[in-house]
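# this is the structure alone, sequence omitted:
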């Protein structure tokens with residue numbers, strides 16, 4: 001008769017356990033909370049001219065619900081605002097988020113050894129899907145509760161702790177584990193009513209807990225901490241105990257019978273933390289500088305919140321760069337400028353194509369001390385108005401240069417460049433080019449363009465002459481060893497030094513013929529041949545010829561075989577030339593980089609001047625911009641000088 005009685009007691013045990021859990025939840029002092037209703041939260045509100053920016057999140061959404069960015073609406077009274085909603089938030093916006101945290105309480109006793117891998121996978125998926133600002137913690141329960149990871153946003157730390165978990169122990173002080181999770185959130189700085197939760201994964205079997213359900217429910221109510229539970233294959237009484245804790249704290253309970261159910265339970269807990277939306281609402285000018293309440297709603301739902309806001313000033317359109325106008329310039333001045341441009345162009349053309357007389361050609365032949373190679377140019381009529389104007393301008397320029405003593409110095413520079421223009425012709429040509437550039441830039445940038453045009457014209461003509469000088473000097477340097485080799489051959493054949501140079505002038509061409517021809521002309525007029533050759537070396541900027549002249553002077557003073565001396569000089573020149581070419585090939589990359597760095601800001605400035613002039617306008621329309629421009633030009637010139645010195649290698 002005793003066995004039927006034991007059987008009846010076993011059948012009544014689940015009902016008794018369920019009734020006890022319900023009585024514990026309803027006992028005096030046990031605070032029972034209704035499930036919280038979903039709500040919107042606005043934070044990080046910032047009002048700027050023409051826009052209001054804020055972050056939006058939702059709490060306690062149903063398991064399958066989420067915050068849809070396309071359904072966010074913002075209005076002030078009856079005025080709807082145009083919104084731009086993004087799911088991603090920047091680091092600066094994330095710093096404005098209120099703290100959000102979740103602590104997982106996981107049963108790792110031996111009874112969970114088979115399902116523990118599935119629970120660990122579900123926890124990893126939850127850590128991956130949660131918003132990055134949510135702090136995640138871990139508490140394990142076996143023989144005693146143990147804090148594995150304090151609430152942190154470092155997902156790697158949380159995942160590493162999950163991997164190390166193993167099923168150990170037999171008893172499960174589950175309520176102590178929940179209390180430990182509550183304490184870890186408090187230690188992490190979470191206050192009551194913060195966006196915090198606890199997720200409990202267990203079968204509900206509670207053994208050796210020092211906390212009873214009544215005390216635990218009171219503590220959870222004081223902290224306003226919801227507890228979500230995932231009951232795995234729990235007995236009816238154990239499931240009722242877990243359900244009582246969840247309902248009393250305002251959380252939710254999920255029953256799981258397999259690994260799929262476990263994953264669904266963890267995922268449902270993660271949905272309580274909605275993704276933070278970054279919202280930017282455009283404010284019309286009619287609401288600028290006003291104070292009102294702004295309504296934020298989710299279309300098609302009951303989610304709505306209202307926040308006070310003081311709107312900023314209206315958007316001020318960007319100030320357009322000042323346009324330099326010259327309406328005050330009278331029409332006659334504009335016509336005079338157009339006439340000056342036309343005159344400059346005419347003079348430029350006449351100066352370039354000015355006909356040379358036979359007298360000029362004969363003087364050129366004598367200077368070169370060689371046969372006439374130029375084809376006689378037919379005399380053109382120059383009595384036209386253009387010819388008279390050109391002659392008048394040239395005569396005025398020549399008179400001005402003679403009065404200032406500039407003619408000789410400019411003549412030397414033109415000789416070094418191999419240019420056949422006279423000094424006053426070159427000066428007039430430079431002036432015409434400068435006026436042409438100034439007139440062209442005046443049409444583009446006003447009077448400031450005149451200044452830049454004059455500078456640009458002066459710089460272009462100077463660079464042209466410098467390039468001509470360098471090319472002529474390089475050509476002379478390349479021809480000199482062969483020319484002196486010809487002189488050595490003539491000397492060995494019995495020619496005198498003047499006769500050898502005479503043969504050189506008649507047989508050669510290019511800068512060598514011109515310079516040695518002038519030297520022979522000076523020698524026939526009574527100058528010493530060494531002095532004439534030294535002046536030729538100065539005009540050609542040839543250091544090698546200077547050394548050859550020194551060799552000639554020494555030979556004339558101490559005697560010896562001049563052919564052998566010049567042969568040694570030629571061999572030295574050729575070796576230096578080979579070494580110089582080798583050095584230039586090694587430094588080609590550095591020179592190319594230097595020219596790219598020098599040309600890049602110039603080309604970029606010109607392109608932006610014609611395509612994005614408004615961007616550059618503050619540089620030459622404001623005092624600060626002019627100062628920056630001048631300082632930048634100084635640094636630019638210093639950089640050019642530095643780079644040209646660095647890449648220059650003397651051999």
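Arrived safely. In this text the structure is predicted, and so the values were computed from the model without any measurement.
# make it CA atoms for all contacts and neighbour counts henceforth
Noted.
# give me the neighbour count for residue 119.
Residues lying near residue 119 (other CA atoms under 10 Å) number 23.
# ok, residue 44 touching residue 98?
No - counting by CA atoms under 8 Å, residue 44 stays clear of residue 98, with 9.3 Å between them.
# who touches both of those two?
Listed as contacting both residue 44 and residue 98 by CA atoms under 8 Å, 6 or more residues apart in numbering is no residue at all.
# distance check, residue 474 against residue 507.
20 Å (CA to CA, to the nearest Å).
# who has more neighbours, these two?
Ranked by neighbour count (other CA under 10 Å), residue 474 and residue 507 place residue 474 first, with 16 against 12.
# quick one: that one from residue 544, how far?
Residue 474 is 12 Å from residue 544, by CA to CA.
# go on, residue 583?
Counting by CA to CA, the gap from residue 583 to residue 544 is 18 Å.
# of the two, who's got more company?
residue 544 (18 against 15).
# rounded mean pLDDT for stretch 112-126, please.
With pLDDT averaged residue by residue, stretch 112-126 scores 87.
# same question, stretch 267-279
On average, stretch 267-279 scores 76.
# same deal with stretch 434-453?
pLDDT averaged over stretch 434-453 gives 75.
# what of stretch 38-58?
pLDDT averaged over stretch 38-58 gives 82.
# which parts of that stretch are buried?
40-42, 44-45, 47-58 (16 or more other CA atoms under 10 Å).
# repeat for stretch 424-443
424-442.
# point out the ones among these that are inside helices.
Cross-referencing those against helices under DSSP state H gives 424-442.
# quick one: pLDDT of residue 549?
pLDDT, residue 549: 85.
# now it, what's its secondary structure?
helix (DSSP: H, G, I helix; E, B strand; the rest coil).
# in this structure, where's the longest helix?
The chain, longest helix under DSSP H: helix 447-492.
# now for that one, which elements pack on it?
helix 407-417, helix 423-445, helix 497-507, helix 511-524, helix 529-540, helix 562-586 (3 or more CA pairs under 8 Å, 6 or more residues apart in numbering; DSSP states H and E).
# the first one vs helix 511-524, what angle?
The one in question is helix 407-417. 130 degrees (axes from the mean of the first three to the mean of the last three CA atoms, to 10 degrees).
# which strands or helices does helix 407-417 pack on?
helix 423-445, helix 447-492, helix 529-540.
# of those, which is nearest residue 130?
Minimum separation from residue 130 across the helices and strands packed on helix 407-417 (CA to CA) falls at helix 423-445, 58.5 Å.
# can you say which of the helices and strands packed on helix 447-492 is nearest to residue 238?
helix 562-586 (85.3 Å).
# who are the contact partners of residue 201?
104, 105, 106, 107, 229, 230, 231, 232.
# doesn't the second one lie inside a strand?
Yes - read with three-state DSSP, residue 105 is one of the residues of a strand.
# got the domain ranges for the protein?
15-30+98-270, 39-93+276-310, 331-576, 587-651 (automatic domain parsing).
# would you mind finding the most buried of the ones you listed?
domain 15-30+98-270 (a mean of 20; mean count of other CA atoms under 10 Å).
# hmm, back to that, with distance to residue 215 and pLDDT as added columns, please give the contacts of residue 201 in JSON lines.
Putting those into JSON lines (distance: CA to CA, whole Å; pLDDT from 0 to 100) gives the following:
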{"residue": "104", "distance to residue 215": "20", "pLDDT": "92"}
{"residue": "105", "distance to residue 215": "18", "pLDDT": "91"}
{"residue": "106", "distance to residue 215": "21", "pLDDT": "89"}
{"residue": "107", "distance to residue 215": "21", "pLDDT": "87"}
{"residue": "229", "distance to residue 215": "18", "pLDDT": "88"}
{"residue": "230", "distance to residue 215": "21", "pLDDT": "87"}
{"residue": "231", "distance to residue 215": "21", "pLDDT": "85"}
{"residue": "232", "distance to residue 215": "24", "pLDDT": "83"}
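# any idea how far residue 224 is from residue 119?
Taking CA to CA, one finds residue 224 at 26 Å from residue 119.
# can you pull out the strands in this structure?
Assigned by DSSP state E, the chain shows strands spanning 39-48, 51-59, 72-76, 79-86, 100-107, 134-141, 145-152, 195-202, 227-232, 253-256, 277-282, 291-298, 304-310.
# wait, which of those is closest to residue 626?
strand 39-48 (31.9 Å).
# that closest one: how far from the chain's middle?
Centroid separation for strand 39-48 versus its chain: 32 Å, with CA atoms, centre = their mean, to the nearest Å.
# quick one: end-to-end distance for stretch 43-59.
13 Å.
# so who does residue 501 touch?
When contacts are counted by CA under 8 Å, 6+ apart, residue 501 touches 487, 516, 520.
# quick one: residues contacting the last one.
When contacts are counted by CA under 8 Å, 6+ apart, residue 520 touches 369, 498, 501, 502, 529, 532.
# so which of those residues is the closest to residue 553?
residue 529 (9.7 Å).
# distance of that closest one from residue 305?
104 Å.
# tabulate the strands of the chain (TSV), appending distance to residue 641.
Formatted as TSV, the strands of the chain follow (distance: least, CA to CA, whole Å):
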stretch	distance to residue 641
strand 39-48	48
strand 51-59	50
strand 72-76	61
strand 79-86	52
strand 100-107	60
strand 134-141	58
strand 145-152	57
strand 195-202	64
strand 227-232	74
strand 253-256	78
strand 277-282	51
strand 291-298	61
strand 304-310	57
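# between those strands, which gets nearest to residue 211?
strand 145-152 (12.1 Å).
# the closest one vs strand 100-107, what angle?
Using the same axes, to 10 degrees: strand 145-152 against strand 100-107 is 160 degrees.
# packing partners for strand 145-152?
strand 100-107, strand 134-141, helix 155-163, helix 174-187.
# these: which one's closest to residue 593?
helix 155-163 (46.2 Å).
# what residues does that closest one touch?
So helix 155-163 is contacted by 120, 123, 124, 127, 128, 136, 137, 138, 148, 149, 152 (CA under 8 Å, 6+ apart).
# rerun that using 10 Å as the cut-off
Helix 155-163 has contacts (CA atoms under 10 Å, 6 or more residues apart in numbering) with 117, 119-121, 123-125, 127-128, 130, 132, 135-138, 140, 148-152.
# still on that earlier bit, turn the helices and strands packed on strand 145-152 into a markdown table, columns for distance to residue 86.
Putting those into a markdown table (distance: least, CA to CA, whole Å) gives the following:
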| stretch | distance to residue 86 |
| --- | --- |
| strand 100-107 | 20 |
| strand 134-141 | 18 |
| helix 155-163 | 23 |
| helix 174-187 | 30 |
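# for residue 566, find the nearest of these.
helix 155-163 (82.0 Å).
# quick one: distance of the closest one to the chain centre.
With CA atoms, centre = their mean, you get 37 Å for helix 155-163.
# specify the beta-bridge partners of residue 278.
residue 55, residue 86 (DSSP bridges).
# surely it is in contact with residue 46?
No - between residue 278 and residue 46 there is no contact under CA atoms under 10 Å: 11.6 Å.
# joint contacts of those two?
Taking CA under 10 Å, 6+ apart as the criterion, residue 278 and residue 46 both touch 53, 54, 55.
# pLDDT below threshold where in the stretch 51-200 of the chain?
Low-confidence segments of the stretch 51-200 of the chain (pLDDT under 70): 60-65, 88-97, 171, 193.
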